[in-house]
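Colleague: Here is my input; please provide its structure:
(one chain, ligands or ions: 1)
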Amino acid sequence: MKLSATSSRLVHKLKFTEMDSSLTKSVHINNVNEMDYESFIEVFGNVIEHCSLCAAAVWRYRPFKDVRQVHEEICKFVDELPEAGREGILRSHPDLAGRLAGLGLLTDESKREQAAAGLGHLTPEEIARIQEMNAQYRKQFGFPFVICARQNKKEAILEGLKTRIKNSPQAELAKGIAEVKKICYLRLLDIVEHEGIESRL
Ligand SMILES: NC(=O)N[C@H]1NC(=O)NC1=O
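Modeller: Numbering: from 1, shown residues only. From the prediction side, this is the model:
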């Protein structure tokens, strides 16, 4: 049986925790630093949604001091991309409560995040409202509305859609990328041991 990308990542997580623990135990930074390139991509390839290039680009910076440094290197890479590349990162994100969610085609990470924001329990009217606002936003900016769902409940997401659509394209590109970095940091914290490290940016 072919493993899904996430299952495969979990297998690597287990491998790097010496097969001794449950799926909830995360990887020590020393084990991250020992990963070959293929393992690194298996484990970190989706910390930025569908953009494994971001993980591929930072592997060269091992050894990392801690999870924060992994995040900093990824953020630096993202910030140095041309505008078209940063827009492309936004376009790689699925709409919140969108078509892919309805079809059950989200990545496991995105599915968990959208569930954490309460988007799994919307009324049909709320779904229609969010989808309509997402469509308006996408038409206006040419990329989807992106927000860190784990840090925002559905009310904050609706409010964000209402207010952010009034921003300039430059401001929204910057805001969307800032949200991508928060999503990335929380995904990294899910993977790497981070005792004593602040879990908010
Ligand atoms: N559109 C959008 O914000 N998508 C995302 N946000 C989040 O926290 N996970 C996602 O996939």
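Colleague: Give the next helix or strand downstream of the helix or strand bottoming out on mean pLDDT in the chain.
Modeller: Every helix and strand of the chain was ranked by mean pLDDT, DSSP states H and E. The lowest is helix 5-16, at a mean of 49. Counting by DSSP states H and E, the next helix or strand C-terminal to helix 5-16 is helix 29-34.
Colleague: Run through who's touching that next one.
Modeller: Contacts to helix 29-34, defined as C-beta atoms under 8 Å, 6 or more residues apart in numbering, come from residues 16-17, 40, 43, 62-67, 70, 192-193. (Glycine included, C-beta is placed from N, CA and C.)
Colleague: Those: which two are farthest apart?
Modeller: T17 and K65 (19.9 Å; C-beta to C-beta).
Colleague: who's more crowded, those two?
Modeller: T17 (17 against 10; other C-beta atoms under 10 Å).
Colleague: Look up the pLDDT of the more buried one for me, please.
Modeller: You'll see T17 listed with a pLDDT of 41.
Colleague: cool, and the one 4 residues further on?
Modeller: Residue-level confidence at S21 comes out at 38, pLDDT.
Colleague: and this protein, which residues reach the ligand?
Modeller: Within the chain, the positions near the ligand by C-beta under 6 Å from any ligand atom are 49, 93-96, 110, 113, 144-150, 183.
Colleague: let's see 5 Å
Modeller: Counting by C-beta under 5 Å from any ligand atom, the chain comes close to the ligand at H93, L96, S110, E113, V146, I147, C148, A149, I183.
Colleague: could you dump the residues you listed to JSON lines with neighbour count and pLDDT?
Modeller: Putting those into JSON lines (neighbours: other C-beta atoms under 10 Å; pLDDT from 0 to 100) gives the following:
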{"residue": "H93", "neighbour count": "23", "pLDDT": "98"}
{"residue": "L96", "neighbour count": "27", "pLDDT": "97"}
{"residue": "S110", "neighbour count": "21", "pLDDT": "97"}
{"residue": "E113", "neighbour count": "23", "pLDDT": "97"}
{"residue": "V146", "neighbour count": "27", "pLDDT": "98"}
{"residue": "I147", "neighbour count": "24", "pLDDT": "98"}
{"residue": "C148", "neighbour count": "20", "pLDDT": "98"}
{"residue": "A149", "neighbour count": "25", "pLDDT": "97"}
{"residue": "I183", "neighbour count": "22", "pLDDT": "98"}
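Colleague: Which of these fall in helices?
Modeller: With helices taken from DSSP state H, the overlap with those comprises S110, E113, I183.
Colleague: hang on, the earlier thing: for the contacts of helix 29-34, pick the one with the most neighbours.
Modeller: Result: V70 is most packed of those (other C-beta under 10 Å), 27 neighbours.
Colleague: Contacts for the one helix or strand that one maps to, please.
Modeller: According to DSSP H and E, V70 maps onto helix 67-80. Residues outside helix 67-80 that contact it (C-beta under 8 Å, 6+ apart) are 29, 32, 44, 47-48, 54-55, 57-58, 61, 64, 86, 89, 177, 180-181, 184-185, 188-189, 192-194, 197.
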